[in-house]
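>>> after the sequence you'll find the predicted model.
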Amino acid sequence: MPTRPDPITYLDHAAEAGRGYKRRLLDALDLRPDHTALDVGCGPGTDLPAMAERAGAVIGVDLDPAMVGEAERRTAGLPVEVRQGDAHALPVDDRSVDRVRVDRVLHLVADPSAVLAEVRRVLRPGGRAVLAQPDWETLAVDPGAVATNLAFTRFVCDRIVPNPVVGRQLARLAGAAGLTVVEVDGEVLLLRDFTTADEIFGLTRNAHRAVRAGRLTRPAADAWLADLAAGPFLAAFTLFRVVVSAG
Ligand SMILES: C[S@@+](CC[C@H](N)C(=O)[O-])C[C@H]1O[C@@H](n2cnc3c(N)ncnc32)[C@H](O)[C@@H]1O
């Protein structure tokens, strides 16, 4: 039975697959040497060194102590402080940061609106945040039965990802949290390698979970996975990016 790789390896592989996307997020942050920048849900510190190259001080916050430990290890000697904490109650003072980055965290949290209110609270007036989220409903793969693709996506959205469509909701939720929406953009992550897509989207492991949950039949899941593995393979996944400011 395929298992999910350990979370740090998983995030490293996802970052590698989304290198261009991450570079565009960094550019959108528009960091300056006099800035203090915050990375909410910083994971193993993937983006902290690049942020520290541009900003004077960087804070990473993550809920998971293992992520915090790895982020500290990867940023030793840099002007980076990693704090363990919950994005719903950020361990950061009011109006104390110039830039906030939230990359692929809101689909996991209990209350995305509460996290956006925290982003609003910690931003200095005139500060900027860059929010980025996929929309899990948009996962399209080929070859293989489209009906199985749709049933797989429905299962993942119903049972695996807590907030699967928060990407398309970002601008609206940010506006409701008192942030000013400056820019709304999107891009498609295109993968043509089945092994990479299988790891990142959990095609095999979640198809097997869908079978166990009675949401896919075993023959349909097996045929779909065999078709995908045979290729030529393509996966497309929409990622939304919203730039906001605090007035
Ligand atoms: C998909 S990873 C993204 C990591 C990183 N932002 C990146 O782009 O590579 C999501 C991260 O959010 C963290 N996380 C989830 N819920 C959180 C919460 N309520 N507060 C803070 N961090 C949270 C997880 O521990 C994980 O490290």
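Noted; the coordinates are in hand.

>>> please, which helix or strand holds the nearest residue to residue 177 once chain neighbours are set aside?
Leaving out its chain neighbours, the residue that sits closest to residue 177 by C-beta to C-beta, 6 or more residues apart in numbering is residue 116, at 3.7 Å. (Glycine included, C-beta is placed from N, CA and C.) Secondary structure assignment for residue 116, by DSSP states H and E: helix 112-122.

>>> tell me if that helix is near the ligand.
No - using C-beta under 6 Å from any ligand atom, helix 112-122 stays clear of the ligand, coming no nearer than 7.1 Å.

>>> quick check: mean pLDDT of that helix?
Averaged across helix 112-122, the pLDDT comes to 98.

>>> quick one: residues contacting the spatially most central residue of the chain.
Nearest residue to the geometric centre of the chain (C-alpha atoms, centre = their mean): residue 104, 1.5 Å. Contact analysis of residue 104 by C-beta atoms under 8 Å, 6 or more residues apart in numbering lists 41, 132-134.

>>> up against the ligand, what does the protein have?
11, 15, 41-43, 46, 61-64, 67, 86-88, 103-105, 108-109.

>>> my guess is residue 184 is in a strand, correct?
Yes - according to DSSP: H, G, I helix; E, B strand; the rest coil, residue 184 belongs to a strand.

>>> that one: how many residues sit nearby?
16 (other C-beta atoms under 10 Å).

>>> SS state for the residue nearest to it when sequence neighbours are not counted?
Among residues not flanking residue 184 along the chain, residue 171 sits closest, at 4.8 Å (C-beta to C-beta, 6+ apart). What three-state DSSP gives for residue 171 is helix.

>>> point out where this protein drops to low pLDDT.
Applying pLDDT under 70 to the chain flags the ranges 1-4.

>>> run the last query once more with 80
1-5 (pLDDT under 80).

>>> all strands for it, in order.
36-40, 57-62, 80-84, 97-103, 123-134, 140-142, 180-191, 234-245 (DSSP state E).

>>> in JSON lines: those strands, plus distance to residue 161.
As requested, the strands of the chain are exported to JSON lines (distance: least, C-beta to C-beta, whole Å):
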{"stretch": "strand 36-40", "distance to residue 161": "18"}
{"stretch": "strand 57-62", "distance to residue 161": "19"}
{"stretch": "strand 80-84", "distance to residue 161": "24"}
{"stretch": "strand 97-103", "distance to residue 161": "15"}
{"stretch": "strand 123-134", "distance to residue 161": "9"}
{"stretch": "strand 140-142", "distance to residue 161": "16"}
{"stretch": "strand 180-191", "distance to residue 161": "15"}
{"stretch": "strand 234-245", "distance to residue 161": "12"}
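
>>> can you list contacts of the longest helix along the chain?
In the chain, taking DSSP state H as the definition, the longest helix is helix 218-230. With C-beta under 8 Å, 6+ apart as the test, helix 218-230 has contacts from 141, 143-145, 147-149, 151-152, 194, 198, 203-204, 207-208, 210-211, 216.
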